[in-house]
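In: predicted model and sequence below, questions to follow.
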There are 2 protein chains.
Amino acid sequence: MPGPPDPHELVERARAGQQLAVARLISMVENAGPQLREVSAALTPHTGGAHVVGLTGSPGVGKSTSTSALVTELRARDRRVGVLAVDPSSPFSGGALLGDRVRMGEHADDDGVFIRSMATRGHLGGLSWATPQALRVLDAAGCDVILIETVGVGQSEVEIVGLADSTVVLMAPGMGDGIQAAKAGILEIGDVFVVNKADREGARRTVRELRNMLHLREYGGADAWEAPVLTTVASRAEGIGALADALDDHLAWSRKSGERDRRRSERVRREIEAIGMEQVRARMEQVRGGDALDVLTGRVLAGELDPWAAADALLEQSA
Amino acid sequence: MPGPPDPHELVERARAGQQLAVARLISMVENAGPQLREVSAALTPHTGGAHVVGLTGSPGVGKSTSTSALVTELRARDRRVGVLAVDPSSPFSGGALLGDRVRMGEHADDDGVFIRSMATRGHLGGLSWATPQALRVLDAAGCDVILIETVGVGQSEVEIVGLADSTVVLMAPGMGDGIQAAKAGILEIGDVFVVNKADREGARRTVRELRNMLHLREYGGADAWEAPVLTTVASRAEGIGALADALDDHLAWSRKSGERDRRRSERVRREIEAIGMEQVRARMEQVRGGDALDVLTGRVLAGELDPWAAADALLEQSA
């Protein structure tokens, strides 16, 4: 029987482009298995090279189609590409639905593309915890660009994607006005805006509205990044070359301006915190095999204890 | 100079219907001020009576209009109503935009309605932490029904709203098919479905699609709740009476079936965990005035340390 894989060897195989090694490493860090610390240490010297790109927008704007078209474009430019598809968890289906993933199938035979669908965890903080782990593996595996595709309406998604090196906000004509995007808090995090399905009625109006709203952002000075508003028809790959160019421009700007360092630093801060909190959560759940939390819950429901006192008791017992 | 308010007196004033006392209590628990534990203990004996109703759906389906119409209907039925409007945080605007809140203005003079817009916190877990706190205050203040309105696409929102006693999932014709809702994971959490803007083209198709998708849910037996699909035109208050009736029916069913106890128990469990984790997070940020986290972040960025080792070090220092 073979022993557990050597993490350093797995990392080398991932860097050589072996899909299975990448998948194995992601599973090892996601599931926080026994070798996790060893794996994480093995990855560290190889990280920091990738251009992390967040793609976000409401359901129906064509995120998956755009991601797929962008992958094709980046491959034509000879970049190694990673894709993390972050879908909200579904207690019903137990994870992401098919459909989108199927469309990614065209890249299945390309060993320069790594695709990972993140079935988000069932507990709070799961998304913010697992995503940076998978990101780190793809980075260490030598991806030049890592695309994170997510529904950008929840707070944690906005936070994750907002800390990418570059963030693309996608919209579509007639999907509701810019005000809806503003409400969802995604206007503020966009470095590049894309109106997809630009062959549809109302596309020009959407572009105009978006530009008007972006003009309301504070003027950041002559050296500030001015977020472009592009139009695409992702299903026919129209405008995708210009999108890839805009991403290169933004990366060059953010390197020069120090914005990239600032975001990376904030990303690492949050990652350290998230790992720490996840460990505490796990510890709290394990106090007396979970009995402690059950008993405290019952006492709060009975009105004997308030949740703060219960949390104090639980922390004390799990210390 | 008056001393700090007595929590027990504030709770009494809140129960007597004083809006300012309610607002003050929510601020005290949200901001985790020095009197928080005292406030929380004072609230506890008075909680557990409210019917907690989550309302969720994509931007643009008319959540705020529906919430407002439902408030009017419930007031006509002589119920005391609380509203928690949970908006994703916006680093740009520093909180919720106007617009929706303005529409709530018609209830501003009604002392049987308490409205709180939750400006969500800037850190991970903020939403899951602050919402139950505000809920507890409204519950103790004697609200018969508490409506939690949220964009239901993010993981944490889905989790919060999915633990309400009753969850309403709102849709609108032409906002994208049912498959999009399924992707966002909100089909599974709905106890009552509403197709709003039912006077628009495509409403019947949306209802039909929704019913078809709901039939795919597992058959739960003869005593299971069968989620109804209602149609409304919230802007004209059409169908809102039937919605209020459906919510009453669901509450009666969930009391009888034990589902209400199950959800409340899970809600309290998560609340205790969230409070515990929030305390740990605060402690981690304060190690050496925040210097410890900064130093560890720098070392991870320099490739000297991996984030797991950094988290271990931080937890050790904050213990």
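Out: Looks like it came in fine.
In: what is the burial count for A:Ser254?
Out: By other Cβ atoms under 10 Å in any protein chain shown, 20 other residues sit near A:Ser254. Where C-beta positions appear, they are placed from N, C-alpha and C, glycine not excepted.
In: show me the domain layout of chain A.
Out: A:1-46, A:48-257, A:273-318 (automatic domain parsing).
In: right, and those domains - which one's nearest chain B?
Out: Proximity to chain B (Cβ to the nearest Cβ) singles out domain A:48-257 among the domains of chain A, at 1.0 Å.
In: helices along the stretch 1-150 of chain A, start to end?
Out: A:7-15, A:19-30, A:36-43, A:63-76, A:100-103, A:126-140 (DSSP state H, counting those that start in this stretch).
In: lowest average pLDDT across those helices?
Out: Lowest mean pLDDT of the helices of the stretch 1-150 of chain A: helix A:100-103, a mean of 43.
In: circling back to that earlier point, lowest average pLDDT across the domains of chain A?
Out: In terms of average pLDDT, domain A:48-257 trails the rest of the domains of chain A, at a mean of 79.
In: what residues are up against A:Arg236?
Out: A:Arg236 makes no contacts at all, as judged by Cβ atoms under 8 Å, 6 or more residues apart in numbering or on different chains.
In: and what of the one 4 residues further on?
Out: Listed by Cβ under 8 Å, 6+ apart, the contact partners of A:Ile240 are A:Ser66, A:Ala69, A:Leu70, A:Thr72, A:Glu73, A:Thr232, A:Ala234.
In: re the thing from before, could I get the helices of the stretch 1-150 of chain A as CSV with mean neighbour count and distance to chain B?
Out: As requested, the helices of the stretch 1-150 of chain A are arranged in CSV below (neighbours: other Cβ atoms under 10 Å in any protein chain shown; distance: least, Cβ to the nearest Cβ, whole Å):
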stretch, mean neighbour count, distance to chain B
helix A:7-15, 18, 11
helix A:19-30, 19, 9
helix A:36-43, 20, 4
helix A:63-76, 22, 10
helix A:100-103, 14, 8
helix A:126-140, 25, 5
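In: is there proximity between the longest helix anywhere in chain A and chain B?
Out: Secondary structure of chain A read by DSSP state H shows that its longest helix is helix A:259-286. Yes. Using Cβ under 8 Å from any Cβ of the partner chain, helix A:259-286 reaches chain B at A:264-265, A:268-277, A:279-281, A:284-285.
In: do stretch A:193-205 as well
Out: No. On the criterion Cβ under 8 Å from any Cβ, stretch A:193-205 is out of touch with chain B, staying 12.0 Å away.
In: how far off centre is that stretch?
Out: Distance of stretch A:193-205 from the chain centroid (Cα atoms, centre = their mean, to the nearest Å) equals 25 Å.
In: next, the buried residues of that stretch.
Out: By 16 or more other Cβ atoms under 10 Å in any protein chain shown, the buried positions in stretch A:193-205 come out as A:Phe193, A:Val194, A:Val195, A:Asn196, A:Lys197, A:Ala198, A:Ala203.
In: what sits up against it?
Out: Applying Cβ under 8 Å, 6+ apart, the contact partners of stretch A:193-205 are A:61-62, A:65-66, A:168-174, A:206-207, A:210, A:214, A:227-234, A:238-239, A:243.
In: just the buried ones out of those, please.
Out: Among those, the ones that count as buried by 16+ other Cβ under 10 Å are A:61-62, A:65-66, A:168-174, A:206-207, A:210, A:214, A:227-234, A:239, A:243.
In: buried ones only from the residues of helix A:259-286 next to chain B, please, as a ChimeraX command.
Out: In ChimeraX, this line selects whichever of the residues of helix A:259-286 next to chain B come out buried by 16+ other Cβ under 10 Å:
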select /A:264,265,268,269,270,271,272,273,274,275,276,277,279,280,281,284,285
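In: gap between A:Gln279 and B:Met284?
Out: In this view, A:Gln279 and B:Met284 are 11 Å apart by Cβ to Cβ, to the nearest Å.
In: what does A:Ala172 give?
Out: A:Ala172 sits 41 Å away from B:Met284, going by Cβ to Cβ.
In: same question, A:Val300
Out: 25 Å.
In: cool, and A:Leu20?
Out: When distance is defined by Cβ to Cβ, A:Leu20 is 36 Å away from B:Met284.
In: list the buried residues of the helix or strand in which A:Lys256 is found.
Out: With elements taken from DSSP states H and E, the one containing A:Lys256 is helix A:240-257. For helix A:240-257, the neighbour count (16+ other Cβ under 10 Å) marks A:Ile240, A:Ala242, A:Leu243, A:Ala244, A:Ala246, A:Leu247, A:His250, A:Leu251, A:Trp253, A:Ser254 as buried.
In: show me the contacts for the second one.
Out: Contact partners of A:Ala242, counting by Cβ under 8 Å, 6+ apart, are A:Leu230, A:Thr232.
In: how does it look with 6 Å?
Out: The contact partners of A:Ala242, taken as Cβ atoms under 6 Å, 6 or more residues apart in numbering or on different chains, are A:Leu230.
In: before we move on, what about the fourth one?
Out: Applying Cβ under 6 Å, 6+ apart to A:Ala244 gives the contacts A:Glu73.
In: biggest separation within the contacts of A:Ile240, which pair?
Out: Maximum pairwise distance in the contacts of A:Ile240, criterion Cβ to Cβ, is 12.9 Å, between A:Thr72 and A:Thr232.
In: about what we covered before: so what secondary structure elements neighbour the longest helix of chain A?
Out: Counting contacts by 3 or more Cβ pairs under 6 Å, 6 or more residues apart in numbering or on different chains; DSSP states H and E, helix A:259-286 packs against helix A:126-140, helix A:307-318, helix B:259-286, helix B:291-301, helix B:307-318.
In: so which residues of the stretch 51-200 of chain A form strands?
Out: Here the stretch 51-200 of chain A has its strands, by DSSP state E, counting those that start in this stretch, at A:51-57, A:81-87, A:113-119, A:145-151, A:166-171, A:192-195.
In: mind checking how far the first one is from the chain centre?
Out: How far strand A:51-57 lies from its chain's middle: 7 Å, per Cα atoms, centre = their mean.
In: quick check: neighbours of it in the sheet, parallel or antiparallel?
Out: Using DSSP bridges, the strands paired with strand A:51-57 are strand A:145-151 (parallel), strand A:166-171 (parallel).
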